[in-house]
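> Model the following, please.
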Amino acid sequence: MSLQPRPSILSVEPYIGGESKLAGVNRILKLSSNEGPFGPPPKAIEAMTAAALDANRYPDGNATALRAAIGRKFGLDPARIVCGNGSDELLSMLILAYGGEGTELIMSAHGFMMYEITGRWAGCQVIKVPERNLTTDVDGMLAAVGPRTRLMFLANPNNPTGSILPQSEVVRLRAGLREDVLLVLDAAYAEYVTRPDYDAGQTLVDAGSNTVMCRTFSKVFGLGGVRLGWAYGPAGVVDVLNRVRSPFNVNATAQAAGIGALAEEGWIEKSVAHNVAERARVAAALTAAGFTVHPSEGNFLLVGFGDAARAKAADAALKARGAIVRMMGGYGLAECLRITIGLTDENTVVIEALTAFAHDG
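Next comes the predicted model:
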């Protein structure tokens, strides 16, 4: 073909989401995408149903009511919030706005795959820094910074490892960066963290002009299907995001769902309590079965099986019981499976299947 895209586009491997279907299986337990196990909050469902009646109308392009609701819930200035078609859109906009040809984007070796995919799409040189014990190495990240570095991404907690940096280390990371390097704190799993010293990003955003916090409704609020995320940043960065986003990038149904979800009293508390208890139960059982269960602050566990072949066999054993989890070869962790914490009975199936797998050798 004579028609060709920019060379960097052809270096991108398409993102492949978690599996969701198994042929010949009546009941599928989808534990591959870290979705909230309880589905959307009732008030979000009610709001989406009502919004359908006005589907012929364009949405509020500024998501005014949604930003106000987010601000009230998390104690933030709505003027410094930008909403997106999932947090993925916001991450992409930041990369396209501040990165591009001739720049560098730094991330940890096992960070969320979309940082690398979008970075390469934009033309950035993506630098992946080795981790220590599957945790971001702050010294390594700082050592990787060069004169062309413009973006650094930190998922905290990290997906898929589940690891977390203490606030003191996040502060040290920001302090070690130049003023012209944008630090993007991806806090998709923030609601699940119970550590008292945890800060999803607000403190650092408020402290300067070069840090952004990204959040999502896809996890604890169970709204992955409507695609809704938000970013909180300095006024200058928010201005840039509003310049580059599409005029109606968040549809009316998603905006209504977000407002409804935020109004659901006790939803986060219920979800977090379930996650803490069930994550501990699954981790203890799989550890007792002889597998390596890595510490996690998210709604998932990264489980090691020793080598890629055994991980693949374990995946097959789970699928035989109708449970779909996520293989980690794409993240350089082929010996591992990432298992979402689901409903209690779903987690029991995982425990029984992998315990039997361990027993059978």
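
> so who does Glu116 touch?
By CB atoms under 8 Å, 6 or more residues apart in numbering, Glu116 lies in contact with Met107, Val126, Lys128. For glycine as for every other residue, the C-beta is placed from the backbone atoms N, C-alpha and C.

> what does Val184 give?
Each residue near Val184 by CB under 8 Å, 6+ apart is listed here: Leu91, Leu94, Leu151, Met152, Phe153, Leu154, Thr211, Val212, Cys214.

> Could you tell me whether it really is in a strand?
Yes. Counting by DSSP: H, G, I helix; E, B strand; the rest coil, Val184 is found in a strand.

> Report the separation between it and Ala63.
For Val184, the distance to Ala63 (CB to CB, to the nearest Å) stands at 20 Å.

> what does Glu89 give?
From Glu89 to Ala63 the distance is 13 Å (CB to CB).

> Which parts of the chain are helices?
42-51, 64-74, 87-98, 113-122, 138-143, 167-175, 202-207, 235-244, 252-262, 267-288, 308-320, 344-360 (DSSP state H).

> and Glu13, which of these is closest to it?
Among these, the nearest to Glu13 by CB to CB is helix 113-122 (7.2 Å).

> and the closest one, C-alpha only, in PDB?
Extracted in PDB, the C-alpha atoms of helix 113-122 (Å, rounded to 0.1, in the frame of the first residue of the first chain):
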ATOM      1  CA  MET A 113      -0.500  -1.800  29.300                       C
ATOM      2  CA  MET A 114      -2.400   1.200  28.000                       C
ATOM      3  CA  TYR A 115       0.400   3.600  29.000                       C
ATOM      4  CA  GLU A 116       2.700   1.900  26.600                       C
ATOM      5  CA  ILE A 117       0.200   1.400  23.800                       C
ATOM      6  CA  THR A 118      -0.900   5.000  23.800                       C
ATOM      7  CA  GLY A 119       2.600   6.300  24.300                       C
ATOM      8  CA  ARG A 120       3.800   4.400  21.200                       C
ATOM      9  CA  TRP A 121       0.800   5.500  19.300                       C
ATOM     10  CA  ALA A 122       1.600   9.100  20.100                       C
END
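
> Buried residues, it. List them.
Applying a neighbour-count criterion of 16 or more other CB atoms under 10 Å, one finds Met113, Met114, Tyr115, Glu116, Ile117, Thr118, Gly119, Arg120, Trp121, Ala122 buried in helix 113-122.

> and what of stretch 237-257?
237-238, 240-241, 245, 249-257.

> can I get those in CSV with distance to Lys219?
Formatted as CSV, those follow (distance: CB to CB, whole Å):
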residue, distance to Lys219
Val237, 23
Val238, 23
Val240, 26
Leu241, 22
Arg245, 22
Asn249, 20
Val250, 17
Asn251, 20
Ala252, 22
Thr253, 19
Ala254, 15
Gln255, 18
Ala256, 19
Ala257, 14
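
> got a winner among the contacts of Glu116 for most neighbours?
Counting neighbours by other CB atoms under 10 Å, Met107 leads these with 25 neighbours.

> So this protein: which segments form each domain?
The record's domain split for the chain, according to the TED database, is 19-39+267-360, 42-263.
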